[in-house]
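**Student:** Just a sequence and a predicted model for now, questions to come.
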Amino acid sequence: MSSVLFYTLARLGILAATAGVLALFGARGYLLLLLSLLISGVVSFVLLSGQRDRMSAAVAGGIGERRRRFQEARTKEDA
């Protein structure tokens, strides 16, 4: 689960840094929010691709484990 937390914090950090830079250039209000979301999304897509893959694998592994335990419990209940 640490990979999910790290990815989320990295995305928020990139968003905050982007908003800070845009604020220095004079963007305010909704323009600041819109541009920050757009630019940080593109930057995150490029910079965090490896971390996104690790997070996806961790989430998929967790779901697979839960499914396996559910099947075991279901089989045990039927027996």
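**Tutor:** Good, I have the coordinates. Numbering: from 1, shown residues only.
**Student:** Report the buried residues of the helix or strand of the chain with the lowest mean pLDDT.
**Tutor:** Lowest on mean pLDDT, DSSP states H and E among the helices and strands of the chain sits helix 49-78, with a mean of 87. Neighbour-count burial for helix 49-78 flags 51-52, 55 (criterion: 16 or more other C-beta atoms under 10 Å). Any C-beta I mention is one placed from the backbone N, CA and C, and that applies to glycine too.
**Student:** same thing with stretch 24-33?
**Tutor:** For stretch 24-33, by 16+ other C-beta under 10 Å, it's 27, 32.
**Student:** what's the span of it from first residue to last?
**Tutor:** End-to-end distance of stretch 24-33: 14 Å, with C-alpha to C-alpha, to the nearest Å as the criterion.
**Student:** Could you give the separation of the least confident helix or strand of the chain from the chain centroid?
**Tutor:** 18 Å (C-alpha atoms, centre = their mean, to the nearest Å).
**Student:** what packs against that helix?
**Tutor:** Judged by 3 or more C-beta pairs under 8 Å, 6 or more residues apart in numbering; DSSP states H and E, helix 49-78 is in contact with helix 2-24.
**Student:** could you give the angle of the helix it packs on to helix 49-78?
**Tutor:** 140 degrees (axes from the mean of the first three to the mean of the last three C-alpha atoms, to 10 degrees).
**Student:** which residues sit against stretch 48-62?
**Tutor:** The set of residues external to stretch 48-62 that reach it, using C-beta atoms under 8 Å, 6 or more residues apart in numbering, is 1, 3-4, 6-7, 10-11, 14.
**Student:** same check, this time on stretch 9-24
**Tutor:** Counting by C-beta under 8 Å, 6+ apart, residues outside stretch 9-24 touching it are 32-33, 35-37, 39-40, 43-44, 47-48, 51.
**Student:** Can you tell me which of those is nearest residue 74?
**Tutor:** The closest of the contacts of stretch 9-24 to residue 74 turns out to be residue 51 (C-beta to C-beta; 34.7 Å).
**Student:** and the contacts of stretch 48-62 as TSV, adding pLDDT?
**Tutor:** As requested, those are exported to TSV (pLDDT from 0 to 100):
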residue	pLDDT
1	67
3	87
4	89
6	93
7	93
10	96
11	96
14	97
